[in-house]
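> Following is a predicted model, sequence given first.
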Amino acid sequence: MHSTQSVTVEIDGEVVAESSRPVVLYETGLPVRYYLPPEDVRLELFEGTETRTTCPFKGEASYWTYVGPKGGGAEARPDVVWAYPQPIDGVGDIAGHLSFYDNIAHVVVEGEPPAAG
C-alpha cells in the first residue's frame, strides 16, 4: 500500500535513497518492507546482477549490488537491493520499486505507517 512516510536509506554512511512515496508491504513473519520508486534511488551507485529469486507471493525478483561512489572494490555490497519488475497480481504496486536488505542498508522511516490491510 502507498504511504507518505519519509524513508532514507544509507549504506556505509552514503545516502543512497530518499523517498516520501514508498509502497509498504506487510508479510507474515517478515519485517515490513519499503519499496521505493527508482527515481528516488541513486541508481548510479548500483550495478545489476544476474541473481534472480522467486517468491510465490510476489513473483521473480532482480537484484543490484551497491558499488558506491568509487565503483566497487571493498565498498561493494552484493545483492543488497531487489525489485520485482513484473510482480504477480495482488502486489502490482511494487512493480519496479526497489527495496533494501536492512542487515546491510540502514533504513530510517519517519511518519505514521499506513494500517496493515
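Sure thing, it's come through. None of these values were measured; they are calculated from a predicted model.
> Any stretches of the chain with poor pLDDT?
Along the chain, segments meeting pLDDT under 70 span 114-117.
> tell me the strands in it, going along the chain?
Assigned by DSSP state E, the chain shows strands spanning 6-11, 14-19, 23-25, 33-35, 46-55, 59-66, 77-83, 98-100, 106-110.
> helices or strands up against the fifth one?
Spelled out, that is strand 46-55. Other elements packing on strand 46-55 under the criterion 3 or more Cβ pairs under 8 Å, 6 or more residues apart in numbering; DSSP states H and E are strand 59-66, strand 77-83. C-beta coordinates here come from the backbone N, C-alpha and C atoms, glycine included.
> The same query, at a cut-off of 6 Å, please.
Using 3 or more Cβ pairs under 6 Å, 6 or more residues apart in numbering; DSSP states H and E, the elements in contact with strand 46-55 are strand 59-66.
> relative to strand 46-55, how tilted is the strand it packs on?
150 degrees (axes from the mean of the first three to the mean of the last three Cα atoms, to 10 degrees).
> Parallel or antiparallel, which strands does strand 59-66 pair with?
strand 46-55 (antiparallel), strand 77-83 (antiparallel) (DSSP bridges).
> Can you mark which positions in the last one are buried?
Going by neighbour count (16 or more other Cβ atoms under 10 Å), the buried part of strand 77-83 is 77, 79, 80, 81, 82, 83.
> which residues touch residue 93?
Residues counted as contacts of residue 93 (Cβ atoms under 6 Å, 6 or more residues apart in numbering) are residue 23.
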